[in-house]
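Student: dropping a prediction and its sequence here:
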Amino acid sequence: MTENPYYYTLIMACATVGFIILSSLLLGGLARLIAKLFGLTKVKQDNTFAGYFFAAPWIVGFLIFVVAPMLASLYWSFTNYRIPNAPEWLWFQNYTRLILEDKEFRSSLVNTLFLTVIGLPLQISFALFLAVLLNQKTRGERVFRMSFYLPVILGFNAAVLLCWRLMLNAGNGIINQIIRALSNGFLPFSYLNRAIIFIVELVNAFFLGINNQNFILLNKVWEAGFPAANRVPMWVQTPLWSKMSVIILMVWGCGSMMLIFLAGLNNIPKELHEAAEVDGAGSWMRFWKISLPLLTPYIFYNTVVGMIAALQIFEPIYVLYRDNATLAPTAYSMVYYLWRATFRFNEIGYGSAISWVVLVLILIVTIIQFRLQKRWVQYELY
């Protein structure tokens, strides 16, 4: 038999198509049999067969590629599994080690909470700001919409993130060059830049102190005082800025949130704004009393989706810090730590335990958000 890779590719493609057709027939036949057992008419039996026949590729794919891996991961989380060795049953030792002993996981948890608590509000605020601007119906509106949504299309792929890595270089990166030019030409911007640097470094030093269980770095930042006039952010060169670089990328990718807010603004009845304007309300008062309350459902949606994404962030950290052994631990997220344990140290069982802990945390946070929405989400004005 010829060893042509195209031949084997053709065989696998045909086998896949055959499997899809066969599984669809089996699932449709099973659904029709169940409908027959419940005494449904011949027409309803045929409709049931047709519905499940066409839905079968998704259902079977979900079972094979989602349910089966999840069950395997759940089993492996209770084992010591290192490829190519067979899994060795450990009961709850992986979870005990993860929660009570693993300091690096606790650091990754603190880092992830930092990205969520600091980065997500900035991301939502910037998305809302852009949506309000685009809702003004100015010339070139479509061009601006496309430009602001482009980062979502590009995504966090390696090429884009490598470009950001170059732009965030402290010495010759374009971002710091723009900051230097503005600081030299506009004195108030220089003071604003230095104030932001001071606040960011204090906050990051505090969180690093929580991770390291000492606050020596925080004391050094405080004793150094207000930054000098020539200071610029050290984006990917110091632990004090490692997480802020990731937050910058989170804010940059807020285009999908912006579209959600823009849809919400367009759904607000114009009559409400017109009536408020007649009563003498200014633009800021109309936004605060009308637009913002009616946008709370959209804020809630973006908060839920954004928090899930923030708790699972991986790509920016991987590209920016994967080859920097000094800075990488200060930016580890839980998912990055999961990847590190699973694929770098071949601890499949331990990595599975991390994945289930992350899943439980996401479920808990999401449930809390849904429970609290009644206190602040407003679906109509009274």
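Tutor: Sure thing, it's come through.
Student: helix or strand right after whichever helix in the chain runs longest?
Tutor: Counting residues, the longest helix in the chain under DSSP state H turns out to be helix 5-37. As assigned by DSSP states H and E, the chain's next helix or strand after helix 5-37 is helix 42-62.
Student: what angle do that following helix and helix 5-37 make?
Tutor: If you take axes from the mean of the first three to the mean of the last three Cα atoms, to 10 degrees, helix 42-62 sits at 140 degrees to helix 5-37.
Student: now helix 42-62: mean pLDDT?
Tutor: Mean pLDDT, helix 42-62: 92.
Student: can you show me the CA trace of that helix as PDB?
Tutor: Taking Å, rounded to 0.1, in the frame of the first residue of the first chain, the C-alpha atoms of helix 42-62 are listed here in PDB:
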ATOM      1  CA  LYS A  42     -46.700   8.500  12.200                       C
ATOM      2  CA  VAL A  43     -46.300  12.100  11.100                       C
ATOM      3  CA  LYS A  44     -44.800  13.200  14.400                       C
ATOM      4  CA  GLN A  45     -42.500  10.100  14.400                       C
ATOM      5  CA  ASP A  46     -41.200  11.100  11.000                       C
ATOM      6  CA  ASN A  47     -40.800  14.800  12.200                       C
ATOM      7  CA  THR A  48     -38.900  13.600  15.200                       C
ATOM      8  CA  PHE A  49     -36.600  11.400  13.100                       C
ATOM      9  CA  ALA A  50     -35.900  14.400  10.700                       C
ATOM     10  CA  GLY A  51     -35.200  16.800  13.600                       C
ATOM     11  CA  TYR A  52     -32.800  14.500  15.400                       C
ATOM     12  CA  PHE A  53     -31.200  13.400  12.100                       C
ATOM     13  CA  PHE A  54     -30.100  16.900  11.200                       C
ATOM     14  CA  ALA A  55     -29.200  17.800  14.800                       C
ATOM     15  CA  ALA A  56     -27.200  14.600  15.300                       C
ATOM     16  CA  PRO A  57     -23.800  16.000  14.000                       C
ATOM     17  CA  TRP A  58     -23.900  18.700  16.700                       C
ATOM     18  CA  ILE A  59     -25.200  16.400  19.400                       C
ATOM     19  CA  VAL A  60     -22.600  13.600  18.700                       C
ATOM     20  CA  GLY A  61     -19.900  16.200  18.400                       C
ATOM     21  CA  PHE A  62     -20.800  17.700  21.700                       C
END
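Student: show me what the helix or strand containing residue 111 is packed against.
Tutor: Here residue 111, judged by DSSP H and E, is contained in helix 103-114. Under the contact definition 3 or more Cβ pairs under 8 Å, 6 or more residues apart in numbering; DSSP states H and E, helix 103-114 sits against helix 187-212, helix 328-331, helix 334-339. For every residue, glycine as well, the C-beta is placed using N, CA and C.
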